[in-house]
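Asker: Sequence and computational prediction follow.
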Amino acid sequence: MTKILLVEDDKSIVRNLSDFLKSEGYSVHSVSGQAAAIAEVEKNHYDLLLLDISLADGNGFAVCSAVKSISDTPVIFLTASGDEFSVVTGLDMGADDYINKPFRPRELLSRIKNVLRRCNSGNTTLEYDKIKIDTVKGVVTKDGKEIFLSALEYKLILVFFNNKGAVLSRSRLLEEIWDIAGEFVNDNTLTVYIKRLRDKIEDDPQNPTFIKTIRGLGYKVGD
């Protein structure tokens, strides 16, 4: 599960944004100040930092500088400062993106996905259990033998791999695969594609252990 550190001293933003990101399958931990943020990244690994520029004890620039000195963890600035100086300063320090407050949660979610996709592009192989995905060649194998998937089936398994351990609702899956579908994808179509994918990757498709059904919630790959 993708781990996000939210560095923000506005309690209402912390509460609302944490709830939203957790509902999207992310693990979120929050701190309110510069010192706490630097201490947190020195002792724990995070996949992404959401970092406010104005903090109660210091500023986000110092946190970004400290983070980039010890790791390649991507940073997105959350800022009420739309001025060019703040934006340029953040990017010059190694920030990967920024978004001005107030922002729409879905817009931030899109930014997060784009940054994570760019930063993870160097890792071209995804692997879990007996399944391996070569994201450069677009090849999926099970026990070393290639599995031939349609474009939509391939997109679907990528969504599961990129969200291992998270329960994905049917609406979330439909949202993820919508952009590459050549035809209208509705709830019934999703059921068909999940069945086809299970037929190809499960040892026993009638009793799936890879793509697990979480009754009333959706589907999950991994623990």
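Answerer: Arrived safely, thanks for sending. Numbering: from 1, shown residues only.

Asker: Contacts for the helix or strand of the chain with the lowest mean pLDDT, please.
Answerer: Least confident helix or strand, the chain: helix 84-92 with a mean of 75, by mean pLDDT, DSSP states H and E. If you take CB atoms under 8 Å, 6 or more residues apart in numbering as the criterion, helix 84-92 is touched by Ile53, Gly60, Phe61, Cys64, Phe77, Thr79, Ser81, Tyr98. Yep, even glycine has a C-beta here, placed from its N, CA and C like the rest.

Asker: cutoff 7 Å now
Answerer: Residues from elsewhere that reach helix 84-92 (CB atoms under 7 Å, 6 or more residues apart in numbering): Ile53, Phe61, Cys64, Phe77, Thr79, Tyr98.

Asker: Who does whichever helix or strand comes after that helix pair with, and is each partner parallel or antiparallel?
Answerer: For helix 84-92, the following helix or strand on the C-terminal side (DSSP states H and E) is strand 97-100. Using DSSP bridges, strand 97-100 pairs in its sheet with strand 75-79 (parallel).

Asker: returning to what we had before: report the inter-axis angle for the least confident helix or strand of the chain versus strand 75-79.
Answerer: Counting by axes from the mean of the first three to the mean of the last three CA atoms, to 10 degrees, helix 84-92 lies at 170 degrees to strand 75-79.

Asker: Tell me which stretches of the chain form strands.
Answerer: Assigned by DSSP state E, the chain shows strands spanning 3-7, 27-31, 48-52, 54-55, 58-59, 75-79, 97-100, 125-128, 131-134, 139-142, 145-147, 212-214, 218-220.

Asker: right, so of those, which gets closest to Asp187?
Answerer: strand 218-220 (11.8 Å; CB to CB).
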